[in-house]
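In: Below: sequence and its predicted model.
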Amino acid sequence: MLNTAEFVKQLIRWVYVFSPYFWVDSYFKRQESHFEIESQSWQKIRDKRLFLSEFYIVGWLGLSIALTLMTVNFPQINWPLWVLLFLMLRIFGIVNKELGVILFGICKITEGSMVSATGRVIVLAMVNFLTAMFLFASIYQINGVFSDVPNYFQSASHIAGLIQSLNVQFTMSGAFTPGNAFTWWLTTAQGMFCFVFGTIVISLFVSLLSVKPLKA
């Protein structure tokens, strides 16, 4: 009998394995298992895993911003195709990991709970949201084509991709009309990302609520 939820769970795990972070964290996880839970040695390794998680997520934000600035300041660079594929895979990896966390309580350090919403989790989720925005901006900048950039943007048309990404990320509506099939597909993909990620973040916020009945 086919168990759809279990199939999706295993698919998310399978995709997660392709992340370099997975392998580094798995190493520390094995080291952690050698010590008694909550012991001083165990806690030191757990702190390393938590730091690594934040360093990886925030590091990608810094890298995505730097890449976007490069595409804005050096539009003449001819980027290879593998860069676009790599950025798209990272965006997909962000969605995959967040779905694993919110749906099944996997792909995270403290696995088990389907929803583990803390201030730290939500902040890191928002960092991932911004990272994806800048990654999309970089892809637009590198290979995006727009057919109706207004006159007041013509003098700075090399930032059209950044403007498009900002607009779609926060309004789910493109600022400009895609000029080819790739740009149309990318705009649609970013809209889908925002819908899925927005649902995830709303779920995290709801899980933080403490609903109590009013006293009579």
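Out: Perfect, I can see it now.

In: isn't Ile122 right up against Ile202?
Out: No - between Ile122 and Ile202 there is no contact under CB atoms under 8 Å: 10.8 Å. To be clear about C-beta, it is placed using only N, CA and C from the backbone, and glycine gets the same treatment.

In: Comparing those two, which residue is more hemmed in?
Out: Higher neighbour count among Ile122 and Ile202: Ile122, with 15 against 10, using other CB atoms under 10 Å.

In: what packs against whichever strand or helix holds the more buried one?
Out: Element membership of Ile122, judged by DSSP states H and E, is helix 119-143. Under the contact criterion of 3 or more CB pairs under 8 Å, 6 or more residues apart in numbering; DSSP states H and E, helix 119-143 touches helix 40-73, helix 81-99, helix 160-171, helix 181-208.

In: Highest mean neighbour count out of the ones you listed?
Out: Greatest average neighbour count among the helices and strands packed on helix 119-143 goes to helix 160-171 (a mean of 20), per mean count of other CB atoms under 10 Å.

In: Can you spell out which helices and strands pack onto that helix?
Out: Using 3+ CB pairs under 8 Å, 6+ apart, helix 160-171 is in contact with helix 40-73, helix 119-143, helix 181-208.

In: Could I get the pLDDT score of the residue nearest in space to the middle of the chain?
Out: Per CA atoms, centre = their mean, the C-alpha nearest to the average position across the chain is that of Ile94, at 3.2 Å. On the pLDDT scale, Ile94 is placed at 94.

In: how much space is there between it and Arg30?
Out: 25 Å (CB to CB, to the nearest Å).

In: Low-confidence stretches in this structure?
Out: Filtered on pLDDT under 70, the chain yields the residue ranges 1-2, 113-118, 153-157, 204-216.

In: before we move on, back to that, okay if I get the helices and strands packed on helix 160-171 as TSV plus distance to Thr110?
Out: Output for those, formatted as TSV (distance: least, CB to CB, whole Å):
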stretch	distance to Thr110
helix 40-73	9
helix 119-143	10
helix 181-208	14
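
In: For Leu85, find the nearest of the ones you listed.
Out: Nearest to Leu85, of all the helices and strands packed on helix 160-171, is helix 119-143, at 9.9 Å by CB to CB.

In: roughly how far out does the closest one sit from the chain middle?
Out: Centroid separation for helix 119-143 versus its chain: 6 Å, with CA atoms, centre = their mean, to the nearest Å.

In: Now do it against helix 81-99, angle only.
Out: 160 degrees (axes from the mean of the first three to the mean of the last three CA atoms, to 10 degrees).

In: one step back: quick check: buried residues in the helix holding Ile122?
Out: 121, 124-125, 127-129, 131-143 (16 or more other CB atoms under 10 Å).
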